[in-house]
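Trainee: one predicted model, sequence on top.
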Amino acid sequence: MSEFLFTSESVSMGHPDKVSDQVSDGILDALIADDPSSRVACETLCTTDYVQVSGEITPCGSP
């Protein structure tokens, strides 16, 4: 018999994880809207008074 362990994380509104997710999602949405075939790896790190965005973008469609 197989055994699985299910875990999840829940954070409240305003938590840095929620803010980071919104920034990364916004960047991804904008890039996919422009080029649906693009490959995107976007990471956002944030803390008080500091936000860092990093990653890679590979456009696959025509400019």
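Mentor: Right, received. Where do you want to start? The shown structure was predicted, so the numbers you read here are calculated from the model rather than taken from an experiment. Numbering: from 1, shown residues only.
Trainee: got the contact list for the most centrally placed residue in the chain?
Mentor: Geometric centre of the chain, nearest residue: Ser24, 3.5 Å, by C-alpha atoms, centre = their mean. Going by C-beta atoms under 8 Å, 6 or more residues apart in numbering, Ser24 touches Cys42, Glu43, Thr44, Val53. All C-beta spots, glycine's among them, are computed from the backbone N, C-alpha and C.
Trainee: next, the contact list for the second one, please.
Mentor: Put plainly, it is Glu43. Ser24, Val53, Ser54, Gly55.
Trainee: pull out the buried residues from the helix or strand hosting the first one.
Mentor: Take DSSP states H and E as the rule and Ser24 turns out to sit in helix 16-34. Neighbour-count burial for helix 16-34, with 16 or more other C-beta atoms under 10 Å as criterion, is recorded at Ser20, Val23, Ser24, Ile27, Leu28, Leu31.
Trainee: distance from it to the middle of the chain?
Mentor: Put simply, helix 16-34 sits 5 Å off its chain's centre (C-alpha atoms, centre = their mean, to the nearest Å).
Trainee: tell me the helix or strand right after that helix.
Mentor: strand 39-47.
Trainee: now do the buried residues in that next one.
Mentor: By neighbour count on 16+ other C-beta under 10 Å, the buried set for strand 39-47 is Val40, Cys42, Thr44.
Trainee: what average pLDDT does that strand get?
Mentor: Strand 39-47 comes out with an average pLDDT of 91.
Trainee: and it with helix 16-34, angle?
Mentor: Between strand 39-47 and helix 16-34, the angle comes out at 150 degrees (axes from the mean of the first three to the mean of the last three C-alpha atoms, to 10 degrees).
Trainee: report the angle between the next helix or strand along the chain from strand 39-47 and strand 39-47.
Mentor: Moving toward the C-terminus from strand 39-47, the next helix or strand (DSSP H and E) is strand 50-58. Taking the same axes, to 10 degrees, one finds that strand 50-58 is oriented at 170 degrees with respect to strand 39-47.
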